[in-house]
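1. no FASTA, just this:
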């Protein structure tokens with residue numbers, strides 16, 4: 001390709017698709033500035049490594065939590081705004097189990113405090129030594145109970161609220177889910193109080209240093225646990241969708257519910273399994289985020305819901321793999337954008353990236369690939 005051909009193609013891009021052209025120019029400028037910052041030492045390689053690590057941690061959480069949201073939209077055909085509060089409910093359920101087990105079922109403190117009831121201020125995670133290394137059995141139990149709590153909440157809500165109106169429009173279900181979200185959120189506030197709790201033992205987490213060019217990037221056991229649990233569950237879900245009869249039925253129902261019903265697929269049972277899988281992953285994601293972050297509060301899931309929605313929309317709403325990839329993009333953007341923006345604007349940068357992707361690819365990265 002000659003210089004004239006390159007010039008003509010560039011001219012056509014700017015004339016016919018100026019938005020895409022501007023995006024390309026801005027991306028190139030940011031890349032050049034990124035290289036400059038590393039070259040002159042304005043940003044150290046180890047510092048960038050920390051940003052990259054934190055972005056991956058956030059991205060894995062957003063992806064894992066976004067799977068359930070994407071499944072709900074793909075199979076039940078509505079955007080579930082109560083998903084964030086299922087995350088919070090699962091996190092609280094898991095931490096209660098962890099506290100009770102680590103506290104010797106009441107031998108280390110009042111059982112009400114161990115169950116985080118009311119202010120819950122008399123027992124702290126640091127006192128009980130809560131952590132993956134110091135209380136592994138309690139943490140494993142917490143993961144299981146977190147998923148079970150979110151599943152129980154989702155099934156009860158579906159039975160009482162969504163099932164009677166399942167044949168209504170997606171807008172009706174969406175508005176209903178907003179009401180469910182507020183109900184769950186303030187029920188959690190009423191039972192557990194509004195204080196922000198430190199729930200893990202700080203300063204005692206085993207850490208390794210990964211060598212970088214000008215320093216090291218620390219990686220602790222809680223971060224490794226988040227990676228292992230997230231990747232493991234994502235791989236398990238991939239196997240379920242691609243290799244099992246249930247997964248094939250879910251994909252068939254996602255493509256065409258009426259045809260799936262005619263061919264004998266038990267659609268109501270598939271709906272139940274959708275809630276079980278989606279809510280279970282949301283609960284586990286919420287619990288692992290709390291273990292990684294070290295704090296728990298009643299509106300945690302609501303704060304995280306918007307980036308999760310951004311991840312799902314960016315990846316292609318209805319696509320599970322799109323939710324995972326979108327989560328990684330949103331997480332990395334929130335962490336790496338601090339090289340150019342104040343910390344208070346990093347979340348805005350993530351939403352800006354979502355808008356940019358949708359301008360270029362309106363249906364998202366995995367456009368048209370529902371569920372699978």
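-> That came through fine. Since this is a predicted model, take the numbers as computed values, not measurements.

2. does residue 23 touch residue 360 like I think?
-> Yes. With contact defined as CB atoms under 8 Å, residue 23 counts as touching residue 360 (6.6 Å). C-beta: built from backbone N, CA, C; applies to glycine.

3. out of the two, which sits in the more crowded spot?
-> residue 23 (15 against 12; other CB atoms under 10 Å).

4. host element of that one?
-> Assessed by DSSP states H and E, residue 23 sits inside helix 18-40.

5. ok, then the element right after that helix?
-> Per DSSP H and E, the helix or strand that comes after helix 18-40 is helix 45-71.

6. so which bits of that next one are buried?
-> 46-51, 53-71 (16 or more other CB atoms under 10 Å).

7. ok, and the closest non-adjacent residue to the residue nearest the centre of the chain?
-> The structure's the chain has its C-alpha centroid closest to residue 62; by CA atoms, centre = their mean the separation is 2.2 Å. Counting by CB to CB, 6 or more residues apart in numbering, residue 62 lies nearest to residue 327, which is 3.3 Å off, once chain neighbours are set aside.

8. assumed the one you found was part of a strand.
-> No. Assessed with DSSP: H, G, I helix; E, B strand; the rest coil, residue 327 is helix; it does not lie in a strand.

9. quick check: it touching residue 61?
-> Yes. The pair residue 327 / residue 61 is scored as a contact, 7.3 Å apart, by CB under 8 Å.

10. so where do the strands sit in this protein?
-> 197-198, 207-212, 215-220, 295-296 (DSSP state E).

11. list the buried residues of stretch 180-195.
-> Going by neighbour count (16+ other CB under 10 Å), the buried part of stretch 180-195 is 180-181, 184-185, 188, 192-193.

12. oops, could you answer that again for stretch 245-257 instead?
-> 247, 249-254, 257.

13. and what of stretch 331-341?
-> For stretch 331-341, a neighbour-count test (16+ other CB under 10 Å) marks 331-339 as buried.

14. ok, stretch 81-93 next?
-> By neighbour count, with 16+ other CB under 10 Å as the criterion, the buried positions of stretch 81-93 are 81-93.

15. mind putting these into CSV with pLDDT and distance to residue 164?
-> Output for the buried residues of stretch 81-93, formatted as CSV (pLDDT from 0 to 100; distance: CB to CB, whole Å):
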residue, pLDDT, distance to residue 164
81, 95, 18
82, 95, 16
83, 95, 20
84, 95, 23
85, 96, 20
86, 96, 20
87, 97, 25
88, 96, 25
89, 95, 22
90, 96, 25
91, 95, 29
92, 93, 27
93, 94, 26
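
16. turn these into JSON lines, columns for distance to residue 314.
-> JSON lines is the format used below for those (distance: CB to CB, whole Å):
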{"residue": "81", "distance to residue 314": "18"}
{"residue": "82", "distance to residue 314": "21"}
{"residue": "83", "distance to residue 314": "16"}
{"residue": "84", "distance to residue 314": "17"}
{"residue": "85", "distance to residue 314": "22"}
{"residue": "86", "distance to residue 314": "21"}
{"residue": "87", "distance to residue 314": "19"}
{"residue": "88", "distance to residue 314": "23"}
{"residue": "89", "distance to residue 314": "26"}
{"residue": "90", "distance to residue 314": "24"}
{"residue": "91", "distance to residue 314": "24"}
{"residue": "92", "distance to residue 314": "29"}
{"residue": "93", "distance to residue 314": "29"}
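
17. just name the closest of those residues to residue 205, please.
-> residue 91 (18.6 Å; CB to CB).

18. state the distance from that closest one to residue 231.
-> In this view, residue 91 and residue 231 are 20 Å apart by CB to CB, to the nearest Å.

19. kindly report the same for residue 162.
-> Distance from residue 162 to residue 231, by CB to CB: 31 Å.

20. with neighbour numbers in mind, choose between the two.
-> Shown here are residue 162 and residue 231; by other CB under 10 Å, residue 162 has more neighbours (22 against 14).

21. what sits closest to that one if chain neighbours are left out?
-> Per CB to CB, 6+ apart, closest to residue 162 is residue 173, 6.6 Å.

22. assess the claim that the one you found and residue 81 are in contact.
-> No. Counting by CB under 8 Å, residue 173 stays clear of residue 81, with 9.9 Å between them.

23. how about the helices in the stretch 251-372 of the chain?
-> Along the stretch 251-372 of the chain, counting by DSSP state H, counting those that start in this stretch, helices occupy 257-262, 267-293, 300-315, 320-336, 346-360.

24. skipping adjacent residues, who's closest to residue 158 in space?
-> Distances taken as CB to CB, 6+ apart place residue 275 nearest to residue 158, at 5.4 Å, with adjacent residues excluded.
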